[in-house]
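A.B. asks: Fold the stuff below for me.
(one chain, ligands or ions: 1)
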Amino acid sequence: MRPAKLILGGKEYEFPVIVGTEDEVAIDIRKLRDMTGAITYDPGYVNTGSCKSDITFIDGEKGILRYRGYPIEELAGKLIYSAAAYLVIYGHLPDKEEFKDWRRDLTMNSFLHEHLRKFFDHYPITAHPMNILASMIASMSSFYPEEIDDPNDIDRHIKRIVGQVKTIAAYSYKQFIGKPCIYPRSDHSWSANFLRMMFGTPAEEYQVPKIMEEALDLILILHMDHEQNCSTSTVRMVGSSQSDLYASVASGINALWGRLHGGANEAVLNMLQRIHKDGGNYKKYVDMAKEKGSRFRLMGFGHRVYKNFDPRAKILKDTVTRLLADLGNNDPLLEIAMGLEEVVLKDEFFIERKLYPNVDFYSGIAYRAMGIPTDMFTVLFAMGRMPGWIAHWLEMRTDRDQRIHRPRQLYTGPNLQHL
Ligand code: ACO
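C.D. replies: Residues are numbered from 1 along each chain as shown. Modelled structure (predicted):
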């Protein structure tokens, strides 16, 4: 493609154009400041490509999401968590032998260091499990301070994090309810182990309901990667200074926690509960969101990238309906959610702004049907997203174009002053 031309201060400059494998076009402005003295101004990085990536392709207009080239519709509901995690992290589906080793390694690495386990005793009962998860993962680098340049060491870090993230998540819940923790088993899948550690007790064997195990695999896979979203960009930002994997993904967990990002699934449930307590009048809340100058937003609607529909929400809506039918759960919040969705999809305000239900709109309802407490919703998102964060951290380290992340700014403060 021909170079892009920029006219600035009456002078013409040319910049190379790069085209991705799906014909996405980017203007390479790496030399912009050197050549022109100017920088770009792009709050929220809406138009800024921070890297090249082989991991995930999204077409927000067409509602396309693919991991390593595979459409999400072919992965969610077909693969289990550990297989999809392998695909996202290592770039290909594992063969039989690789899969056997990977599954075993994940289970053998799912036990916490006994000293790290004691940390749980010192969190207050009110601690949010996202805070516990982030600090426990960050603390792991004190226990496993191996080199970050040796690929074998990195592989061990990866297996520990993917293996232990679910153990930490389940233990933080057990801590919260004051019940004993149980250890994972090698004859259970990754998701079954998590459910067993969440709901099982040492007194008797817990039979993991198949429908819950399958639904969890599907939901976690739907969340596994989403290219340069806020938390993934955070992982890359922190990792760009050559921080280790534990520190980098712990930062990602903290970024995910916010309610405009992963925290939205918890916020959706809180909003539905609020509407339910208020007599179920969801139309009042739709009107509140539309009010001029109102800061109230309908949680679970809208997306920075998807402007027609969120393909993950589409898949999840069917699963939620089946899950509720199978578990015999007549949740009044689902009824409110469905009514809300119907009204919003027909409302000019939302149509004009291209605001559709996103994945978080349905994931909260699915978790609730499975008996997972609201505080844990975003933790489950983090468990799903973990392989994506790891894949981006790995990719960034081998990308020769990557440098320490250091955006510029446009200074608007006072001119030189003296005392
Ligand atoms: N409810 C009501 N109005 C909304 C909503 C919403 N959920 N989302 C956006 N709008 C309106 C804004 O008020 C704005 O209106 P205006 O043009 O009259 O000022 C317009 O739509 C554009 O909104 P922006 O904030 O500029 O859109 P942006 O792309 O920056 O934000 C975001 C996307 C953060 C997801 C936003 O839609 C939102 O806050 N949604 C609710 C929170 C949520 O569900 N987050 C989960 C995202 S998915 C994920 O992280 C997995």
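
A.B. asks: Get me the contact residues on the stretch 301-419 of the chain for the ligand.
C.D. replies: 301-304, 353, 355, 358-360 (C-beta under 6 Å from any ligand atom). From N, CA and C alone the C-beta is placed, and that goes for glycine too.

A.B. asks: hmm, 8 Å instead?
C.D. replies: Proximity of the stretch 301-419 of the chain to the ligand is confined to 301-304, 310, 349-350, 353, 355, 358-361, 381 under the rule C-beta under 8 Å from any ligand atom.

A.B. asks: Which one of the residues you listed is nearest to the ligand?
C.D. replies: Gly302 (2.3 Å; C-beta to the nearest ligand atom).

A.B. asks: So which of the residues of the stretch 301-419 of the chain next to the ligand belong to helices?
C.D. replies: 349-350, 359-361, 381 (DSSP state H).

A.B. asks: Of these, just say which sits nearest to Val320.
C.D. replies: For these, the residue nearest Val320 by C-beta to C-beta is Phe361; the value is 9.6 Å.

A.B. asks: re earlier: what's the farthest-apart pair in the residues of the stretch 301-419 of the chain next to the ligand?
C.D. replies: Maximum pairwise distance in these, criterion C-beta to C-beta, is 27.5 Å, between Phe349 and Phe381.

A.B. asks: For these two, work out which one has more neighbours and name it.
C.D. replies: Phe381 (29 against 13; other C-beta atoms under 10 Å).

A.B. asks: In space, what's closest to that one - neighbours in sequence excluded?
C.D. replies: Spatial nearest neighbour of Phe381, excluding adjacent residues (C-beta to C-beta, 6 or more residues apart in numbering): Gly262 at 4.2 Å.

A.B. asks: Could you pick out the longest helix of the chain?
C.D. replies: The chain, longest helix under DSSP H: helix 151-177.

A.B. asks: could you say what helices and strands the helix or strand following that one packs with?
C.D. replies: Later in the chain than helix 151-177, the nearest helix or strand by DSSP states H and E is helix 190-199. Applying 3 or more C-beta pairs under 8 Å, 6 or more residues apart in numbering; DSSP states H and E, one finds that helix 190-199 makes contact with helix 81-90, helix 96-108, helix 151-177, helix 210-222.

A.B. asks: Make TSV out of those helices and add distance to the ligand and mean pLDDT.
C.D. replies: Output for these, formatted as TSV (distance: least, C-beta to the nearest ligand atom, whole Å; pLDDT from 0 to 100):
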stretch	distance to the ligand	mean pLDDT
helix 81-90	16	98
helix 96-108	25	96
helix 151-177	18	93
helix 210-222	10	96
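
A.B. asks: These into CSV, with extra columns for mean neighbour count and distance to Tyr411?
C.D. replies: Converted to CSV, these look like this (neighbours: other C-beta atoms under 10 Å; distance: least, C-beta to C-beta, whole Å):
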stretch, mean neighbour count, distance to Tyr411
helix 81-90, 24, 40
helix 96-108, 15, 49
helix 151-177, 20, 39
helix 210-222, 23, 42
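
A.B. asks: Which among those is found nearest to Thr56?
C.D. replies: Of all the helices and strands packed on helix 190-199, helix 81-90 comes closest under C-beta to C-beta, at 8.0 Å.

A.B. asks: contacting residues around the closest one?
C.D. replies: 55, 67-68, 70, 75, 79, 93-94, 98-99, 102-103, 106, 158, 162, 189-191, 216-217, 220-221, 224-225, 384, 386-388, 390-391, 394 (C-beta atoms under 8 Å, 6 or more residues apart in numbering).

A.B. asks: Sketch out the low-pLDDT regions of the chain for me.
C.D. replies: 329 (pLDDT under 70).

A.B. asks: And Ala127, how far from the ligand?
C.D. replies: 23 Å (C-beta to the nearest ligand atom, to the nearest Å).

A.B. asks: er, Glu395 I mean
C.D. replies: Taking C-beta to the nearest ligand atom, one finds Glu395 at 21 Å from the ligand.

A.B. asks: now swap in Gly9 and tell me
C.D. replies: Distance, Gly9 to the ligand, using C-beta to the nearest ligand atom: 31 Å.

A.B. asks: Tally up the residues packed near that residue, please.
C.D. replies: Residues within reach of Gly9, counting by other C-beta under 10 Å, total 7.

A.B. asks: Neighbours of the residue lying closest to it once chain neighbours are set aside, how many?
C.D. replies: Nearest residue to Gly9 in three dimensions, chain neighbours excluded: Thr36, at 7.9 Å (C-beta to C-beta, 6+ apart). Neighbour count of Thr36, defined by other C-beta under 10 Å: 15.

A.B. asks: I'm done for today, thanks for sticking with me.
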